[in-house]
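> Need the 3D shape of this:
(chains A and B)
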Amino acid sequence: MAKNKRKNRYKKHLVHLFILPAALIYGVFQLYPLISAALNSFYSFNGFERVDFIGFQNFITLFTEKPYKDFFLNAFSHNWIYFFVTVITQLIISLILALIIHSKIKGKEFFKSMFFLPKLLSVIVIGFLFSLILNPTRGALNTLLEAIGLEAFTRPWLGDMSTALLSVIFVDSWASIGFSMLIFLAGLQAIDKEIFEAARIDGANSFTVLFKITLPMIGPALMIMTVLTFIGSFETFEYVFAMQGSSGGPYYSTDVLTTFFYRLAFGTVDGGQAIGLGSAVAVVLFIIIGMATSLILFVFKRKDFER
Amino acid sequence: MKKSLLFGMVLIICSGMLAACGGNGDSSGSSNEDAVELEMYSWRTEDRAAYEEIIAAFEEENPDIKIKFNPFDSTEYNTILTNALVSGTGPDIVQLRPYSGAQTIADNGYLVALDDIEGIENFDDSYLEAAQGSDGSTYGIPLSLNVGVIFYNQNIFEEYGLAVPETWEEFVSVSEELLANDIIPVAQGGRDAYLLSMLHGVIAPTAYGGNEFVDELTEGNTDLTDERMVASLDRMEEIAAFLPDDFVALDDNDAQALFYAEEAAMYINGDYRLETFENNIPDTPIGVIPGFKEEDGEEPLAMDWVDSSYGVVEGTEHEEEALKFMEFMASQEFGQTFSDSLNRVSAVDGVTATHEIVQQVTEASEANSTPYLMLVHYGEGSPTSKTIFEDGLQGMYLGEITKEDLLEQTQENAERAAEEGVEELEMIEEDE
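A predicted model of the protein is given here:
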């Protein structure tokens, strides 16, 4: 009897072994780089290896010395723009799309797959295609604008400082809109239909239903998407890199924290590597994302209690 | 169900083992059992065929040495090389970025000094500078020389009866003539900022007073905020009228396309683009302007720099064999084959190129040359001062920064980089 129990307990613990492969991969590819980047940010480098422990000197340099502080503030402000614009171009539009698809329209499944399709393409492919589309001389967009008599609106989309960042955000939103739409759709489908019926019987109009029932009921989906959008906006790298290169051109107008990090940590073909400073940027980025994510979660959770 | 799962797993494991065996088989599959195999890192993936041909010639003379040419993507090469050197699992022979790139690696003690190599006397001292450490020793054999040039389409020049410009003033009047005929004078993109440094390197030397100014800069008698440098940026502003519309939004491929389509008459870049043109527009007669003449100068001032060099990694087990290959790379025979197969200017003295234009460019750079100022003297710092300069040029063209501010920022960065350089050297010495 006792033996059997022990065997059972042994079996119970055996289960833990099964997380080992995943834990190993997580450790090697997530934890190790995270810890080593954190350590690197406290050291000076001779161009190759860690040399001396210099405390917070890399962080002090980053925030007080030219040109680093200017680069940092410039990139940081672009991340915020990225976030706020993405909320409009991706979140709000995808929510509207989800609401439309959730209402009884024809060809629901077709639209669902169509909107999700870009997500299946590789970022590099999308970046390359849109670089061609937005090309000032031979690009499809300017050609189209000219053909329909809107010459006044043609511009070098990716080469103009006022449109470059917005163009990149638009492309990112175009590609990601299907994903957030699906999350909202799942939230919508989880709402019990009887609630809507009851509201109708009580005489609520569509507006009241939307703001008093639908939106509060998909609160969790809204929260997840806001957090994901925030993290995405501050971690964004691929689209900027694919369309504007690591320098965040033209003249740093699309530079974000990750491209700034990339240039410092890996340098360019001409050199210019500064691993310690680069790691400091990565650590600051980690802290920003961590703090802001907790804040967003806190705000949404408190709302939950109020209700 | 369980059985099929087990079978699948066994299959995966077996195939993994097979692949691993295959990998081993490849590396030990040389015909000569006693041959020493040297691994050679490079970023010239596109030149693989030519390199293998050259290596085959070397292996024929030295049957006991095999060389494995291992090229990586250029943009990732620096990181790959750094990791290999630090972990000590690296190659025996490595391609080195010129000037500050090679210097950093040499100063950290990762390279073997090549001062006593046979054939090192075949190189001009200024070329050897591209691969020297702070101690003045040479750590790399310079491979090729790049010359920044103005390519022009001979058809267009003939059609409009234009003479090939020899000075900046002539260049301006030819460009105005082309503009009047609805031809873009110069196809140039500014989206890849390094092309703006290149543009400056080609058109600016006669504006800032050539080598006299460069000498003053390197001796510390003046700095980048000098009015001669400002004058060179005036010229950069002036040329904007002759570049395509929205050129800051165009990349190098767009620029080349304009040149191919004969919408543009000229194109500015390193002479290495010649090979690209030969492949893409073999029927278009291309001419080259190797630089502008200075006032009352007889020869055009050609802007040149060493493209790269090859060095031997310190601590390699096969230093003797690797040095033998270095001697081969320093020989006229190597220089000739290299120049002929890739249409490039060899850094070895006395090599005469077969290609007419390569010959013309070589002669020009031998007669009267000036260094690529930004690459040769401002490649230090993180970010490098060259990067600050060329990104700033983008800003200048977009009206975001004045010429004076741009030069001041570059100068500040250069001063900080110099301080950091001294600190790094001190750290290395302490380490030792």
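> contacts and neighbour counts: CA atoms only from here.
OK.
> Which of the helices or strands spans the residue of the stretch 101-250 of chain A found nearest chain B?
Of all residues in the stretch 101-250 of chain A, A:G159 sits closest to chain B, at 3.9 Å by Cα to the nearest Cα. For A:G159, there is no host helix or strand (DSSP states H and E).
> What is the burial count for A:T163?
A total of 16 residues lie near A:T163 under the criterion other Cα atoms under 10 Å in any protein chain shown.
> how about the residue nearest to it when sequence neighbours are not counted, what does it touch?
Counting by Cα to Cα, 6 or more residues apart in numbering or on different chains, A:W157 is the residue found nearest to A:T163 once chain neighbours are left out, at 5.5 Å. Taking Cα atoms under 8 Å, 6 or more residues apart in numbering or on different chains, we find A:W157 in contact with A:L134, A:N135, A:P136, A:T163, A:A164, A:S167, B:A249.
> where are the low-confidence patches of the chain?
Picked chain A for this. Within chain A, the stretches with pLDDT under 70 are A:1-6, A:303-307.
> please go with chain B instead
Along chain B, the model assigns pLDDT under 70 to residues B:1-33, B:431-432.
> most centrally placed residue in it?
Nearest to the mean C-alpha position of chain B, by Cα atoms, centre = their mean, lies B:D307 at 3.5 Å.
> Return the distance of that residue relative to A:P21.
46 Å (Cα to Cα, to the nearest Å).
> Which residues of chain A lie near chain B?
Residues of chain A that fall close to chain B, judged by Cα under 8 Å from any Cα of the partner chain: A:45-49, A:51, A:67, A:135-136, A:156-161, A:249-252, A:263-264, A:266-274.
> what do you get if the cut-off is 6 Å, keeping everything else the same?
Residues of chain A found near chain B (Cα under 6 Å from any Cα of the partner chain) are A:N46, A:G159, A:Y251, A:V269, A:G272, A:Q273.
> so is the residue lying closest to B:N122 once chain neighbours are set aside in a helix, a strand, or just coil?
Excluding its sequence neighbours, the residue lying closest to B:N122 (Cα to Cα, 6+ apart) is B:D349, at 5.2 Å. For B:D349, the assignment made with DSSP: H, G, I helix; E, B strand; the rest coil gives coil.
> repeat for A:I105
Strictly by three-state DSSP, A:I105 counts as coil.
> before we move on, the earlier item: surely the residue nearest to the centre of chain B is in a helix?
No. Assessed with three-state DSSP, B:D307 is strand; it does not lie in a helix.
> Could you report the distance from it to chain A?
12 Å (Cα to the nearest Cα, to the nearest Å).
> what's the neighbour count on the closest residue to chain B within the stretch 201-307 of chain A?
At 3.8 Å from chain B, A:G272 is the closest residue in the stretch 201-307 of chain A, using Cα to the nearest Cα. Close neighbours of A:G272, defined as other Cα under 10 Å, add up to 25.
> wait, isn't it in contact with B:G381?
Yes. With contact defined as Cα atoms under 6 Å, A:G272 reaches B:G381; the gap is 5.5 Å.
> picking up where we left off before, give me phi/psi at the residue of the stretch 101-250 of chain A closest to chain B?
The phi/psi pair for A:G159 (degrees, to the nearest 10) reads phi -110, psi 0.
> same thing with A:P136?
Torsion angles, degrees, to the nearest 10, at A:P136: phi -70, psi -30.
> Get me the contact residues on chain B for chain A.
Contacts of chain B with chain A, taken as Cα under 6 Å from any Cα, map to B:T75, B:V248, B:A249, B:G381, B:S382, B:P383, B:T384, B:D391, B:Q394, B:G395, B:E424.
> Do you have the helices of the stretch 51-200 of chain A handy? List them.
Using DSSP state H, counting those that start in this stretch, the helices of the stretch 51-200 of chain A run over A:57-64, A:68-86, A:93-102, A:108-116, A:123-133, A:140-147, A:164-189, A:193-201.
> winner for burial among these?
Most buried of those, by mean neighbour count (mean count of other Cα atoms under 10 Å in any protein chain shown): helix A:164-189, with a mean of 21.
> and the angle from that helix to helix A:123-133?
130 degrees (axes from the mean of the first three to the mean of the last three Cα atoms, to 10 degrees).
> Helix A:164-189 packs against which elements?
Applying 3 or more Cα pairs under 6 Å, 6 or more residues apart in numbering or on different chains; DSSP states H and E, we find helix A:164-189 packed against helix A:93-102.
> From the rest of the structure, what touches stretch B:250-259?
B:A187, B:Q188, B:G189, B:R191, B:D192, B:A264 (Cα atoms under 6 Å, 6 or more residues apart in numbering or on different chains).
> let's go with 10 Å and repeat that
Identification of contacts with stretch B:250-259 by Cα atoms under 10 Å, 6 or more residues apart in numbering or on different chains yields A:135-138, A:156, A:158-159, B:151-153, B:184-193, B:195, B:243-244, B:247, B:260, B:262-269, B:273, B:276-277, B:280-281.
> what sits against the residue nearest to B:T384 when sequence neighbours are not counted?
In this structure, B:T384 finds its nearest non-sequential neighbour in A:G272, 5.1 Å apart by Cα to Cα, 6+ apart. Taking Cα under 10 Å, 6+ apart, we find A:G272 in contact with A:47, A:263-266, B:100-101, B:379-387, B:417.
> Mind jotting down where the helices sit in the stretch 51-200 of chain B?
All helices of the stretch 51-200 of chain B, identified by DSSP H, counting those that start in this stretch, fall at B:74-87, B:100-107, B:125-128, B:154-159, B:168-180, B:194-203.
> Out of those, flag the one nearest B:D215.
helix B:125-128 (13.1 Å; Cα to Cα).
> And stretch B:42-62, how far out from the chain middle?
19 Å (Cα atoms, centre = their mean, to the nearest Å).
> Also stretch B:133-141?
With Cα atoms, centre = their mean as the basis, stretch B:133-141 stands 18 Å off its chain's centre.
> Would you mind measuring the gap between the ends of it?
Stretch B:133-141 has its terminal residues 13 Å apart, counting by Cα to Cα.
> picking that back up, keep only those of the contacts of A:G272 that are in helices.
Judged by DSSP state H, helices contain the following of the contacts of A:G272: A:R263, A:L264, A:A265, A:F266, B:S100, B:G101, B:S385, B:K386, B:T387, B:A417.
> Could you dump the residues you listed into JSON lines with neighbour count and distance to B:P63 added?
As requested, those are arranged in JSON lines below (neighbours: other Cα atoms under 10 Å in any protein chain shown; distance: Cα to Cα, whole Å):
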{"residue": "A:R263", "neighbour count": "21", "distance to B:P63": "44"}
{"residue": "A:L264", "neighbour count": "24", "distance to B:P63": "44"}
{"residue": "A:A265", "neighbour count": "22", "distance to B:P63": "42"}
{"residue": "A:F266", "neighbour count": "18", "distance to B:P63": "39"}
{"residue": "B:S100", "neighbour count": "27", "distance to B:P63": "36"}
{"residue": "B:G101", "neighbour count": "22", "distance to B:P63": "33"}
{"residue": "B:S385", "neighbour count": "26", "distance to B:P63": "46"}
{"residue": "B:K386", "neighbour count": "27", "distance to B:P63": "44"}
{"residue": "B:T387", "neighbour count": "27", "distance to B:P63": "45"}
{"residue": "B:A417", "neighbour count": "21", "distance to B:P63": "46"}
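> nearest residue to the residue of the stretch 101-250 of chain A closest to chain B other than its sequence neighbours?
Among residues not flanking A:G159 along the chain, B:A249 sits closest, at 3.9 Å (Cα to Cα, 6+ apart).
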